[in-house]
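>>> sequence and predicted structure are below.
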There are 2 protein chains.
Amino acid sequence: MLPEHARAHNRALVLQHLFHEGPTSRADLARATSLTRVTISDLVNVLLAEGLVEELGVQPGRRVGKPAILVGMRTDAYQIVAVDLSDDAVMRGAVMTLTGEAVVRRSLPVAGQVGDELVGLLTRFARTLISAATRPVIGVGVGSPGVVDDSGRVIEAPNRQWTDLPLAAILTDRLALPVHVANDANSAALGEYTYGGAADSMLVLTVGQGVGAGVMVDGSRVHGAVDAAGELGHVTVVDDGELCACGRRGCLETVLAAPALRRAVAGLDPAAADEALAGVGRTLGTALAPVVGALNLGEVLLSGPADLLDGALRTAALQTLTDRTMPATAVGLRLRMATLDEDVVLAGAAVLVLAAQLGVS
Amino acid sequence: MLPEHARAHNRALVLQHLFHEGPTSRADLARATSLTRVTISDLVNVLLAEGLVEELGVQPGRRVGKPAILVGMRTDAYQIVAVDLSDDAVMRGAVMTLTGEAVVRRSLPVAGQVGDELVGLLTRFARTLISAATRPVIGVGVGSPGVVDDSGRVIEAPNRQWTDLPLAAILTDRLALPVHVANDANSAALGEYTYGGAADSMLVLTVGQGVGAGVMVDGSRVHGAVDAAGELGHVTVVDDGELCACGRRGCLETVLAAPALRRAVAGLDPAAADEALAGVGRTLGTALAPVVGALNLGEVLLSGPADLLDGALRTAALQTLTDRTMPATAVGLRLRMATLDEDVVLAGAAVLVLAAQLGVS
DNA sequence: GAGAGCTAGTTAAGACGCTGTACTAACAAA
DNA sequence: TTTGTTAGTACAGCGTCTTAACTAGCTCTC
């Protein structure tokens, strides 16, 4: 570690504070970071020159002494391009502000392309988005299904026919911009953590065609022994259950994926449907209990169709979770819907860029 | 972050390398840390002056160029005092080398003392150990039951009647040495990680009077939302099971704790005993599957009586775990006995000190 | 066996980043 | 107007790293 890394770290501290706490005076930044006012002034001057922050006039609160000048992050000065590959059939993308708001949205049908062809399609799609940006783009984030390592190499994504593909490196080269790739469910967790105000220790379950999970532990993303963390969808939860796409039986995905839930409630009257959903909720709660107990998670978030998830299912899952874990761990536990909905993965992809390029998350 | 923090980090890098890789030349240290030879020489000189490292003569391998001088960590130059409070009835302690070997062992019956009285007893016990040390002591590590926060404050340890007790701060003050306190099962995980060669992502289950767990994720200890990570012993695993000490029913502890296992096999012939143990193993595997899937753990370690754990129970648990998780996550998974046995908690307590004082873990 | 070539380690000078101290600027209260 | 307080800046100094250039000590080659 070099002194200049310390500099980068301090710079990130300042940006992080401005990002989460909003406009702040140099003196307050100094107090918050426990650096001196001199150092902060220096850092702020650099950031001003880069256009990343701006002075916003005098702080309203009138106290004795010279009034403080507020410094704020220019979250609209730069943009991020984010791509969500979680859907088989369509590539979704957006140009986003640094605060995770989509400025431009695009989507592109994936007509069965896989392998290198899909990489080509993705490259063109990203180029379209980059040229649609109205501000300089600081980087590109991609949420992809499959196992993705820390460097953005897709170890394995069977449905895309990608194996050991250095996607981030390829795209960085082709787009001449920093590109970061992560698993889609992990992206979702990052998105909820940074933009959705989720707890430091939490798990996001993404329910769609399949079931994925992203885990944050003590404020950082879990990677796992072979970068395959979050494969909760293919944990067996029903003995001798339905056949799963993975070839095994009774995976969580076979009862919790959106199609499975729709089938389970099809043609039932509301009360019976709720009972069916509650049953799935209890199964989910039983599966989550050991995870919550072992990690002392503060929150579990559900992302997916609210009409199916946010009702009897959620209530039953929380009840089961509370029943099956220690009071000490269960007492503060929340089980709620994710706040970002459709855009979770895009937001998370943006956070990948934000974290890597500016040190903010 | 200041330049001197970068310095401390680099110093820790050097020590970490010497600790795990053994004696190394300055030039090789430079290559390993990607610092320059100049910087490494400077750091090594400081460490030589402190007596933490020593020169060990010329490297045997004959190559061209000036022969390299090996620099090695003097793991016997300093000692660590470690205390294990996990047993209700007896306080176990040791003076340890930096490599985790117990040089002196002591134990002290705890005649029902609790609360402040127990703190007093612990203080005296630690003093005895400190004076039994044959080298300068760099710090004291304590593995305590209950919920312990990052600063060494015992949030809650019912059996010891400790609530919100700043144990590390009190002992640091009384002993005039750095004292670090952590939960006993978390200590065990640290011990196995550093001295037992465990994987970066792993879980240690401590089976004794009760059942505890410590989790390492991507090389760091899991703390959890309210510092209560690892409470796997009180996750429900049997519906309408036996009554547990915690007042609930069917906790993992009711089937996996050592007394429960002994009861389960009492009076059975070997084959029947194995079947009973395999049943517990299957229950354990079922409970662990979601944890292993969500975190992509590389290893699960069992610490406790080998005659009960290391047989049908372990085999059945591994089989169940493999059956109930995705092949991708299960393929590299190991489920084995912990290597440190009796001394796990002591070793972990030593690691607390090693990590905090020297940056080694 | 003498020089060439290589590697280990040291010395010296310079760049960078933070701090402490001392300053100016701009306000409120007396 | 004076005093006290807080915000922000200028400057010297220290700590830490790097590069460049050296010495030391070995092997290989002719």
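Sure, I can see it.
>>> all contacts plus neighbour counts: C-alpha atoms, from now on.
Noted.
>>> need the helices for the stretch 151-300 of chain A, in chain order.
With helices called from DSSP state H, counting those that start in this stretch, the stretch 151-300 of chain A shows them at A:167-175, A:184-194, A:252-256, A:258-265, A:270-295.
>>> return the most buried member of those.
With neighbours defined as mean count of other C-alpha atoms under 10 Å in any protein chain shown, those peak in mean count at helix A:184-194, which reaches a mean of 29.
>>> so, in contact with chain B or not, that helix?
No - for helix A:184-194 and chain B, the contact criterion (C-alpha under 8 Å from any C-alpha of the partner chain) is not met; the two come no nearer than 11.0 Å.
>>> turn the helices of the stretch 151-300 of chain A into CSV, including mean pLDDT.
Formatted as CSV, the helices of the stretch 151-300 of chain A follow (pLDDT from 0 to 100):
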stretch, mean pLDDT
helix A:167-175, 98
helix A:184-194, 98
helix A:252-256, 98
helix A:258-265, 97
helix A:270-295, 98
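>>> and of these, who's closest to residue A:151?
Closest to residue A:151 of the helices of the stretch 151-300 of chain A, according to C-alpha to C-alpha: helix A:167-175, at 7.2 Å.
>>> thinking again about what came up before, how about the helices of the stretch 151-300 of chain A, which one is nearest residue B:18?
Closest among these, once you apply C-alpha to C-alpha, is helix A:270-295, at 32.0 Å.
>>> for residue A:96, give me the pLDDT.
Here, the pLDDT recorded for residue A:96 equals 98.
>>> can you list the strands that the host helix or strand of it pairs with?
Using DSSP states H and E, residue A:96 maps to strand A:90-97. As defined by DSSP bridges, the strand partners of strand A:90-97 come to strand A:79-84 (antiparallel), strand A:102-109 (antiparallel).
>>> pLDDT weak spots in the stretch 1-150 of chain A?
A:62 (pLDDT under 70).
>>> got the residues of it near chain B?
Counting by C-alpha under 8 Å from any C-alpha, the stretch 1-150 of chain A sits next to chain B at A:1, A:2, A:3, A:5, A:6, A:7, A:9, A:10, A:35.
>>> any idea how far DNA strand D is from residue A:92?
Residue A:92 sits 42 Å away from DNA strand D when distances are taken as C-alpha to the nearest atom of the strand, to the nearest Å.
>>> quick one, what contacts that residue?
A:83, A:84, A:85, A:105, A:106, A:107, A:108 (C-alpha atoms under 8 Å, 6 or more residues apart in numbering or on different chains).
>>> dump the residue contacts of the residue lying closest to the last one once chain neighbours are set aside.
Take residue A:108 and drop its neighbours on the chain: the residue closest to it by C-alpha to C-alpha, 6 or more residues apart in numbering or on different chains is residue A:91, 5.1 Å away. Listed by C-alpha under 8 Å, 6+ apart, the contact partners of residue A:91 are A:83, A:84, A:85, A:107, A:108, A:109, A:110.
>>> first residue to last residue on stretch A:253-264, what's the distance there?
13 Å (C-alpha to C-alpha, to the nearest Å).
>>> quick check: domain ranges of chain A?
Following automatic domain parsing, one finds the domains of chain A at A:3-73, A:79-190+A:344-358, A:198-338.
>>> the residue in the stretch 1-150 of chain A that chain B sits nearest to: neighbour count?
At 5.0 Å from chain B, residue A:3 is the closest residue in the stretch 1-150 of chain A, using C-alpha to the nearest C-alpha. Number of residues near residue A:3 (other C-alpha atoms under 10 Å in any protein chain shown) recorded here: 15.
>>> how close does it get to residue B:10?
11 Å.
>>> same check, this time on residue A:143
For residue A:143, the distance to residue B:10 - C-alpha to C-alpha - is 34 Å.
>>> buried residues, the one helix or strand residue A:31 maps to. List them.
Here residue A:31 sits within helix A:26-33, counting by DSSP H and E. Using 16 or more other C-alpha atoms under 10 Å in any protein chain shown as the test for burial, helix A:26-33 gives A:26, A:27, A:29, A:30.
>>> any chance of those residues in TSV, with distance to DNA strand C too?
As requested, the buried residues of helix A:26-33 are exported to TSV (distance: C-alpha to the nearest atom of the strand, whole Å):
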residue	distance to DNA strand C
A:26	12
A:27	12
A:29	12
A:30	8
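>>> OK, contacts around residue A:76?
A:97, A:98, A:135.
>>> then it would be within a helix, right?
No - read with DSSP: H, G, I helix; E, B strand; the rest coil, residue A:76 is coil and lies in no helix.
>>> check the gap between it and DNA strand C for me.
Counting by C-alpha to the nearest atom of the strand, the gap from residue A:76 to DNA strand C is 26 Å.
>>> how about the residues of chain A by DNA strand D?
A:1-3, A:25-28, A:37-38, A:41-42, A:63-70 (C-alpha under 7 Å from any atom of the strand).
>>> coming back round to it: redo the helices of the stretch 151-300 of chain A as CSV? Include distance to DNA strand C.
Rendered in CSV, the data for these read as follows (distance: least, C-alpha to the nearest atom of the strand, whole Å):
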stretch, distance to DNA strand C
helix A:167-175, 25
helix A:184-194, 25
helix A:252-256, 48
helix A:258-265, 49
helix A:270-295, 35
